[in-house]
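Visitor: quick check, what structure comes out for this input:
(one chain, ligands or ions: 1)
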Amino acid sequence: MGSTGQSSHDSLDQAGISSLAAIRRDYRAIFERDPAARSRMEVLLTYSGFHAIALHRLAHWVHRLGFRLVARLISAFSRFVTGIEIHPGARIGPGFFIDHGMGVVIGETTEIGTDVTLFQGVSLAGNGKDRGQKRHPTLGDHVLVGAGAKILGNIRIGEGVRVGANAVVLQSIPSHCTVVGIPGRVVRTKERGYPEAYLNHQDMPDPFLERIESLEKIISDLREELDSARNSRMKP
Ligand SMILES: CC(C)(COP(=O)(O)OP(=O)(O)OC[C@H]1O[C@@H](n2cnc3c(N)ncnc32)[C@H](O)[C@@H]1OP(=O)(O)O)[C@@H](O)C(=O)NCCC(=O)NCCS
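Guide: Sure thing, here's the model as predicted:
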């Protein structure tokens with residue numbers, strides 16, 4: 001009994017140390033993914049997404065120690081100051097970044113891999129029907145979830161998936177896909193994953209521009225065909 005108690009203490013101490021290491025990784029992730037992050041002081045003082053994950057790591061550690069009410073109080077305080085609600089029971093890997101943040105909700109049995117990015121207004125929540133132990137989604141490594149997207153229920157979002165802004169995802173999604181719309185549907189798959197969730201909005205894909213460019217190409221091909229048909233008719 002004594003030795004089990006000792007080893008569970010050791011593992012909780014270990015959890016405390018790994019939480020600190022995870023916070024350091026979360027902090028670094030902001031500079032890797034957000035081109036707007038310029039100074040260390042600016043990030044420490046003004047990034048509510050960073051405040052929320054740092055407080056969550058503390059709340060999760062206290063939750064694991066068994067002080068559930070204290071953990072909920074830390075989480076409620078975090079929600080009050082950041083507008084981001086993360087249940088202390090949620091398990092979140094290192095390199096987690098919430099950009100802008102306001103309105104994010106992460107449920108109790110959510111599991112999140114490493115280097116995941118969320119934007120404002122994202123819900124990782126129950127669908128109101130799952131009644132088992134696990135009611136919330138599991139996100140693989142390097143997932144990006146766009147602003148306002150909802151991922152509901154005990155489903156799995158594979159590694160490297162990109163969830164479009166305002167999508168409502170109700171079913172598991174295989175790795176390295178893009179899912180958009182309501183209900184979420186896969187619109188793109190990739191053999192290899194996306195390298196990193198990088199938030200340089202100037203470089204975000206522009207589907208309208210791409211569509212215009214492809215129409216311009218079709219028009220110019222048709223013109224060429226028309227010209228050559230005219231030329232061959234005019235030849236004696
Ligand atoms: C989904 C996303 C990540 C792009 O991923 P991608 O793999 O490069 O996908 P594409 O841009 O090639 O889009 C694939 C298709 O989905 C459509 N699409 C993209 N995002 C969509 C969205 N949020 N809702 C509905 N359709 C969307 C595109 O128009 C395209 O349709 P088409 O094939 O008919 O032309 C991006 O569009 C997105 O939503 N990013 C979130 C950004 C965000 O939340 N920013 C907040 C900043 S504060």
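Visitor: right, and the helix or strand after the lowest-mean-pLDDT helix or strand in the chain?
Guide: Confidence across the helices and strands of the chain bottoms out at helix 2-33, with a mean of 72, counting by mean pLDDT, DSSP states H and E. Sequence-wise, the next helix or strand downstream of helix 2-33 (DSSP states H and E) is helix 40-46.
Visitor: could you list the low-confidence segments of the protein?
Guide: Across the chain, the ranges flagged by pLDDT under 70 are 1-17, 191-209, 236.
Visitor: contact residues of it facing the ligand?
Guide: 100, 119, 146-147, 162, 164-166, 178, 180-181, 187-188, 205, 207 (C-beta under 6 Å from any ligand atom). From N, CA and C alone the C-beta is placed, and that goes for glycine too.
Visitor: show me those residues that map onto strands.
Guide: By the criterion of DSSP state E, membership of the residues of the chain next to the ligand in strands covers Arg162, Thr178, Val180, Val187, Arg188.
Visitor: show me the two of these that sit farthest apart.
Guide: Taking C-beta to C-beta, the two most distant members of these are Arg162 and Val187; they sit 9.9 Å apart.
Visitor: of these two, who's got more company?
Guide: Here Arg162 and Val187 are compared on neighbour count by other C-beta atoms under 10 Å; more neighbours surround Arg162, at 23 against 13.
Visitor: mind giving me the domain ranges of this structure?
Guide: Under automatic domain parsing, the residue ranges defining each domain of the chain are 5-199, 206-236.
Visitor: tell me which of those domains sits most buried.
Guide: domain 5-199 (a mean of 18; mean count of other C-beta atoms under 10 Å).
Visitor: can you give the distance of it from its chain's centre?
Guide: Chain-centre distance of domain 5-199: 6 Å, with C-alpha atoms, centre = their mean, to the nearest Å.
Visitor: can I get the ones in strands among the residues of the chain next to the ligand in a markdown table including distance to Leu226?
Guide: Output for those, formatted as a markdown table (distance: C-beta to C-beta, whole Å):
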| residue | distance to Leu226 |
| --- | --- |
| Arg162 | 40 |
| Thr178 | 37 |
| Val180 | 37 |
| Val187 | 34 |
| Arg188 | 34 |
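Visitor: for stretch 85-104, how far is the first residue from the last?
Guide: Taking C-alpha to C-alpha, to the nearest Å, the first and last residues of stretch 85-104 lie 6 Å apart.
Visitor: next: stretch 146-160.
Guide: With C-alpha to C-alpha as the measure, the ends of stretch 146-160 fall 13 Å from one another.
Visitor: coming back round to it: need the overlap of contacts for Arg162 and Val187.
Guide: Residues touching both Arg162 and Val187 (C-beta atoms under 8 Å, 6 or more residues apart in numbering) are Thr178, Val179.
Visitor: contacting residues around Ser19?
Guide: With C-beta under 8 Å, 6+ apart, Ser19 has these contacts: Arg57, Leu58, His60, Trp61.
Visitor: farthest-separated two in those?
Guide: When these are compared pair by pair using C-beta to C-beta, the farthest-apart members prove to be Leu58 and His60, with a separation of 7.4 Å.
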